[in-house]
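[1] build the 3D model from these lines:
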Amino acid sequence: MSIVDEVRAVVAAIPPGRVMSYGDIAARIGAGPRQVGRAMTLLDDAVPWWRVVHADGTPATCHGGTAPALLRAEGTPLTRTRVDMPRARLPRPSTT
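    Residues are numbered from 1 along each chain as shown. Next comes the predicted model:
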């Protein structure tokens, strides 16, 4: 399975109202966050790309800056400009 396929599978499994950071996805698949970011650019729009955010909760700025509106529409907990990561972030897989 390619890294793009692995990223696609993880992103597709993020439920509405929840998010993962690039680093969260990287930890799950054993890659680096930059590799995840690169793979994200190769995904089609059918994958919920807006559910992948920066570690500080900043939404993606691609697609004309529509990520905040899409997150809000799904009921994702937001602060004024960012995702409320403690409330919205899916837990990282256990390392034990």
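[2] CA only for contacts and neighbour counts going forward, please
    Will do.
[3] which helix is the longest one in this structure?
    Secondary structure assigned by DSSP state H gives helix 3-12 as the longest helix of the chain.
[4] and the residue nearest the centre of the chain, backbone torsions?
    Per Cα atoms, centre = their mean, the C-alpha nearest to the average position across the chain is that of Val52, at 1.4 Å. Note on Val52: its backbone torsions stand at phi -110, psi 120 [degrees, to the nearest 10].
[5] out of the helices and strands in the protein, which is least certain?
    Sorting the helices and strands of the chain by mean pLDDT, DSSP states H and E puts helix 62-65 at the bottom, at a mean of 91.
[6] following it in sequence, what is the next regular element?
    With elements assigned by DSSP states H and E, the helix or strand that comes after helix 62-65 is helix 67-73.
[7] show me what that next one is in contact with.
    17, 50-51, 59-61, 78 (Cα atoms under 8 Å, 6 or more residues apart in numbering).
[8] how about stretch 46-62?
    8, 11-12, 14, 16, 18-23, 40, 67-68, 70-71, 81-85.
[9] and if we set it to 7 Å?
    8, 11-12, 18-22, 67-68, 70-71, 82-85 (Cα atoms under 7 Å, 6 or more residues apart in numbering).
[10] again, but for stretch 80-95
    17-20, 24, 28, 57-59, 76-78.
[11] how about a cut-off of 10 Å?
    14-21, 23-25, 27-28, 51-59, 68, 71-72, 75-79 (Cα atoms under 10 Å, 6 or more residues apart in numbering).
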